[in-house]
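Visitor: no sequence for this one, just the structure:
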């Protein structure tokens, strides 16, 4: 890889953010898929783990996805017996979601993988450097009013 300053592509911050992000995301994807879930499913499981019980539209709002995308994700985690879906009032539009015992058991395992993945990429940075990097990225998120959680 030609990292010289004359290489126009490598002079962009966005290039380096994407380069690192792709590698961090791919490594995490491989880790969670080894446990039978996708990154998107992991985000749903983690959201339910923290909340206890939600309906699909609440999850969609929290993670910035469409109702249709959440519906497909919910169907997948229900089929994997990680989430239990209760239809309220006999109408599929009113659903309540909770983790099954298997889902509740899996989340801490996946959370540990997320921590390990983070450590593999960023532990060489000092605590101050990690803090400063997070704060800089949060500033960009705030200034650009970014809302959607990237899960792909």
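Guide: Alright, I've got the coordinates. All of these numbers come straight from a predicted model, not from anything done at the bench.
Visitor: what's in contact with stretch 19-39?
Guide: Outside stretch 19-39, the residues that touch it by CB atoms under 8 Å, 6 or more residues apart in numbering are 41-42, 45, 76-77, 80, 82, 106, 109-110, 113-114, 116-118, 120-121, 151-152. C-beta coordinates here come from the backbone N, C-alpha and C atoms, glycine included.
Visitor: okay, and the nearest residue to residue 104 once chain neighbours are set aside sits in which element?
Guide: Spatial nearest neighbour of residue 104, chain neighbours left out: residue 49 (6.8 Å); criterion: CB to CB, 6 or more residues apart in numbering. Assigned by DSSP states H and E, residue 49 belongs to helix 39-51.
Visitor: got the buried residues for that helix?
Guide: 39-49 (16 or more other CB atoms under 10 Å).
Visitor: just stretch 59-75 next, same as before
Guide: 59-60, 62-63, 65, 70-71, 73-74.
Visitor: any idea of the mean pLDDT in that stretch?
Guide: Per-residue pLDDT values over stretch 59-75 give a mean of 87.
Visitor: what about that stretch, distance to the chain center?
Guide: 13 Å (CA atoms, centre = their mean, to the nearest Å).
Visitor: look up phi and psi at the closest residue to residue 57 other than its chain neighbours.
Guide: Once flanking residues are discounted, residue 57 sits nearest to residue 67: 6.0 Å by CB to CB, 6+ apart. Main-chain dihedrals, residue 67, degrees, to the nearest 10: phi -60, psi -40.
Visitor: could you verify my assumption that residue 67 touches residue 56?
Guide: Yes - counting by CB atoms under 8 Å, residue 67 touches residue 56, with 6.8 Å between them.
Visitor: now do the strands in the protein.
Guide: Assigned by DSSP state E, the chain shows strands spanning 53-54, 83-87, 95-99.
Visitor: what comes up buried for the second one?
Guide: Counting neighbours by 16+ other CB under 10 Å, one finds that the buried residues in strand 83-87 are 83-84.
Visitor: name the helices or strands packed onto that strand?
Guide: On a contact count with 3 or more CB pairs under 8 Å, 6 or more residues apart in numbering; DSSP states H and E, strand 83-87 meets helix 39-51, helix 67-79, strand 95-99.
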